[in-house]
Structures are given as structure tokens and as C-alpha cells.
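In: All I have is the shape, not the residue letters:
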């Protein structure tokens, strides 16, 4: 009987408290949204199942938990805390990105820059709420709507906040179909949403595509050397794609490698949300600030596009400003869908992807700048 009682007190059923139950519900919700609603399943399914696994209670010292040295999960989590997984994801993104539309209309890069205003507004808000400067910088990067960048910067500045910041960043990326369309409709008129972008006015040469990643890495990384781990791999992946001489490497980077990194990144980030560590007042505040940051980033891009139209003969559809956040390709797809609801013949996807890719570069530069200031 004594052995039986000892066994029962070692089970997760006995050790669980309300915090574990809450996080189990969160994990199950993520899994449901990924499978039933198909909200960014590549992100939400690994994260959601990781949340479920990470909230199975256990006795400390068994070498089971993600925060316990020498446990399997702890070793897998090293890819998050070291910034390894985000850099690999950026390598794959670079190998998947086509910069042709951006090179045809370089002006669209300004929309990606304007959408980063959400980062700096959130930085000031977090400081005003009493967060330490390094914590505030880590929270602010959620405004870039880029999960890997958020994880990378938080791992360097405030590793104790990786769980809530990563979950907030990826949650808002997955909820783009819910968050962005109302903001787009609120800040634009129907006449503006009907603006048609001209088709590619010229053919981008292979020389331009080859020069862009070389010039890009020099300009961006010289400006913010702390962005080298992200933008260095991003532009390297892109030059592999456009060079045409390493197709095998480019295909591997854009498929097997990025998929593997995404699996481990999502699962371990989800597993890091142990209820007894994760559920704190700070985590709730981070979620609130993340929603504000994402909304402001979307609005900033749209309003800046409207501002450019005041001085431009060739009008830009202001919806494209919403794709300035670096949630690839979710925000670009949503811009295209909102535009097509007004005019089924209006194809905004390629233009939106140009803004989207510039947003990726912009958020990584912002992360590098914040890291250099806070060290």
C-alpha cells in the first residue's frame, strides 16, 4: 500500500495544479486552430503539442523538464536559446524568397520599413509599464510579427521571457486572418482598396538578382552588425537560389532544413511554457503589448502607403502596407484576399510579397539595432 501511494504521488495527476490545466487548454486550442481552422498549422501544431507535452507535471530532478540540465528537451531547447533555429529558418526563408517584384518597385521597400513603427511604439510602452530595458526591447520586437526574430533577440537579451514572447509572436502570426482585415477596412476606403497595381513593368535581369543579396548583406549588416546571424544566412540562402549553380543546396535549405528547424523550434518553444514558470503577470502584459504592437505595425504600413500616394502619380494600393509586417507569407496572402473581395480581378499577391520580404529585412535590422543598444 505504501508503494502504491508513493507511485500515485509521483503521477502527473497528483502533481498538477490549475496552471498546468490552463496551459493544457491553451495547447489544445492551438492544436484545434491548426487542424480544424488551418490557422498557420506549420506553426501552431508544433507549438500547441509542445505546450501539452511541456505541461505534464513531474518531480524535479528527474532530468525530464526543458529547464533541467542534461534532459533531452533541454538539449533541444539549446537551439532556441543560442539562436541556432532562427538562423536556420532565415536561411530557408532566403532560399524561398523571390525579390523580383521588389526590384521592379523598390518604393515598396518603404512600406516594410514603415511597418516597423510598431516595434518602437511598443518599446516605449513596455518601458512605461516598468519593464527593464532589455525586457522591453525583447517585447517590442513582437511588433515586427516575425517569430524567429523575436526568439533570437529575446534569447540574447531576456532569455527568461522566451516562452511568453515566442507564444505571443507566433499566436498573432497565426491570427492574421482575424486581426489584420478589420484594420485594413477601417483605414482604407473602397476606392483605395480597388486600386490596381500595374503588372511588372520590366523583366528583372539575373545580374540584378545576383547583386541584390550581396549588396543587401553589405548595406544591412554594416548598418547593424548584430543582425549578421539572421540577415547573413537570409541573403546566403537567397544567393543560393538565384545563382542556379547549387540547386540541390537551395532546395534542401528551402525544404528539409527549414522544416526540421521549424519542427524543433515550435515544439521546444511550446514545451517551455510550463504552467508554474509561464503563467505570471508579466506574461499577460506581454500578450497585451504584443496585440497592440501587431496592430500598430499593420496600421503604420497602411497609413504610410496613403501618405506616399499624396505625392505619387502611380498610386499604391494602401492594403499593401499591411504586408509590411514580416509574417511571411500570411500577411501578404491576407492583403491579396481582402483586395479580391472588393475586385476579384485585382491580383496583389506578388506586390504584397515584395512588402513582406522587405519587412523581414526591416525587422531583422531593428533586432540588430536593439541588441547593439542593450548590450
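Out: That came in fine, so what should we check first? Source: prediction; values computed, not measured.

In: Identify the residues contacting the host helix or strand of residue 118?
Out: Here residue 118 is covered by helix 117-128, with elements defined by DSSP states H and E. The contact list for helix 117-128 (Cβ atoms under 8 Å, 6 or more residues apart in numbering) reads 133, 135-137, 139-144, 289-290, 292-298, 300, 325, 363, 366, 370. In short, each C-beta sits where N, CA and C put it, glycine included.

In: From these, keep the buried residues only.
Out: By neighbour count, with 16 or more other Cβ atoms under 10 Å, the contacts of helix 117-128 hold 135-137, 139-144, 289-290, 293-298, 300, 325, 363, 366, 370 as buried.

In: for the helix holding residue 118, what is the average pLDDT?
Out: Averaging pLDDT along helix 117-128 gives 89.

In: Which positions within it qualify as buried?
Out: So helix 117-128, judged by 16+ other Cβ under 10 Å, has buried residues 117-123, 125-127.

In: sorry, back to before: in helices only, show me the contacts of helix 117-128.
Out: Judged by DSSP state H, those include 133, 135-137, 139-140, 289-290, 292-298, 300, 363, 366, 370 as members of helices.

In: So which residue is dead centre in the protein?
Out: Nearest to the geometric centre of the chain sits residue 146, at 2.0 Å (Cα atoms, centre = their mean).

In: Would you mind giving the secondary structure of residue 202?
Out: For residue 202, the secondary structure call by DSSP: H, G, I helix; E, B strand; the rest coil comes out as coil.

In: quick one: contacts for it?
Out: Residue 202 touches residue 104, counting by Cβ under 8 Å, 6+ apart.

In: And the next helix or strand past the strand or helix carrying residue 42?
Out: Following DSSP H and E, one finds residue 42 within helix 41-54. Using DSSP H and E, the helix or strand that directly follows helix 41-54 along the chain is helix 72-81.

In: Buried residues, that following helix. List them.
Out: Using 16+ other Cβ under 10 Å as the burial criterion, the residues of helix 72-81 that qualify are 73-74, 76-77, 79-81.

In: Which residues does the helix or strand following it contact?
Out: Next along the chain after helix 72-81, taking DSSP H and E as the criterion, comes helix 84-96. Residues from elsewhere that reach helix 84-96, judged by Cβ under 8 Å, 6+ apart: 78-79, 148-149, 151-152, 213, 229-231, 233-241, 250-251, 253-255, 257-262, 264-265, 328, 360, 364.

In: Give me the distance from helix 84-96 to the chain's centre.
Out: In terms of Cα atoms, centre = their mean, to the nearest Å, the centre of helix 84-96 is set 12 Å apart from its chain centre.

In: Specify the angle between it and helix 72-81 in degrees.
Out: With axes from the mean of the first three to the mean of the last three Cα atoms, to 10 degrees applied, the angle from helix 84-96 to helix 72-81 works out at 60 degrees.

In: What is the helix or strand that helix 84-96 is followed by packed up against?
Out: Downstream of helix 84-96, the first helix or strand assigned by DSSP H and E is helix 100-104. Packing partners of helix 100-104 (3 or more Cβ pairs under 8 Å, 6 or more residues apart in numbering; DSSP states H and E): helix 206-223, helix 349-374.

In: which of those helices is buried the deepest?
Out: Comparing those by mean neighbour count (mean count of other Cβ atoms under 10 Å), helix 349-374 ranks first with a mean of 25.

In: For the residue nearest to residue 126 when sequence neighbours are not counted, give me the pLDDT.
Out: Residue nearest to residue 126 in three dimensions, not counting chain neighbours: residue 136, with 3.6 Å by Cβ to Cβ, 6 or more residues apart in numbering. For residue 136, the pLDDT comes out at 92.

In: Same question for residue 200.
Out: For residue 200, pLDDT reads 57.

In: Can you pull out the low-pLDDT segments for the stretch 151-300 of the chain?
Out: Judged by pLDDT under 70, the stretch 151-300 of the chain has its weakly predicted residues at 199-201.

In: Helices of that one, start to end?
Out: 162-174, 176-187, 190-193, 206-223, 233-243, 247-252, 258-271, 275-278, 281-309 (DSSP state H, counting those that start in this stretch).
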